[in-house]
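J.: fold the following for me, if possible:
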Amino acid sequence: TEEEANKFISMGASESRTFVTGNIKFDYLMPEGLVEKGKKFKKELALNRTIWVAGSTHSKEEKIILKAHERILETFPDLLLIIAPRRPERFQLVRNLIDKKGFSYVLRSQSIQIPKTTQVMLADTLGELPMYYSASSVSFVGGSLFKTGGHNLLEPASLNTPIITGPILYGVEEIAKKLQAKNALEIIHNAEELSKIVCHLLLDSDRHQKMTREAKKVVDENKGALQKLLKLIVPLLKS
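T.: Below is the predicted model:
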């Protein structure tokens, strides 16, 4: 960013040799066939139900997410929550929490068709979060409600799902600011706010479409950092 460039210059870097290329995270390439996989998952395993995803969640966040889901079900009783903890060693802890809260649930590792009465699917496998985002109507990105600092906002931004996250975003602050500037990101602080925003986005198709459209635009407008970097680096390697 310009702010980071100015910090280097203030420490003595040459202004003529300091370049702002942008964030290479915007050059994220969607895995081939991902959207089709998402559609297939939703149709064949989720029976075309409406889905919302809580991805890359951390300790204490799942309690807030499940509390919000409890409230959301009062308005959308057929809604399916897919919850994907960030760390596999926490799968069992989250399963115990879901069970304790009294939700009907299945495990992704069971690879079964999800019954219509199921309220939560625990994503206890790795590498499928982008597919869940692709299949979802609303996405919450974790690591952002406590001290972790937020996770990848660009995956859901590239996959036509509105994005909700918490306020602690020091890992992805620059990206969050760009999305917020276009009203393409919702920030929540607790279960009540989360439930209200999810319900609002499921009810308001105009707001839903605007958020997804603007998020995709932010991604597209900021691509190209990798090529800029290569143009600067390659001549140095040749010399």
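J.: so what's the residue most central in space within the chain bridging to?
T.: The structure's the chain has its C-alpha centroid closest to residue 141; by CA atoms, centre = their mean the separation is 3.9 Å. Legend: beta-bridge partners of residue 141 under DSSP bridges are residue 55, residue 165.
J.: secondary structure element for residue 228?
T.: Secondary structure assignment for residue 228, by DSSP states H and E: helix 225-238.
J.: what does that helix contact?
T.: Helix 225-238 is contacted from outside by 19, 21-24, 26-27, using CB atoms under 8 Å, 6 or more residues apart in numbering. Heads up, the C-betas are built off the backbone N, CA and C, glycines and all.
J.: put the alpha carbons of that helix into CSV.
T.: As requested, C-alpha coordinates have been extracted for helix 225-238 and formatted as CSV (Å, rounded to 0.1, in the frame of the first residue of the first chain):
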residue,chain,number,x,y,z
ALA,A,225,-0.1,-7.2,-8.7
LEU,A,226,1.8,-10.4,-9.5
GLN,A,227,2.6,-9.3,-13.0
LYS,A,228,3.8,-5.9,-11.7
LEU,A,229,6.1,-7.7,-9.3
LEU,A,230,7.5,-10.0,-12.0
LYS,A,231,8.3,-7.0,-14.3
LEU,A,232,10.3,-5.5,-11.5
ILE,A,233,12.1,-8.7,-10.3
VAL,A,234,13.0,-10.5,-13.6
PRO,A,235,15.4,-7.7,-14.9
LEU,A,236,17.3,-8.0,-11.6
LEU,A,237,17.6,-11.7,-11.9
LYS,A,238,19.0,-11.3,-15.5
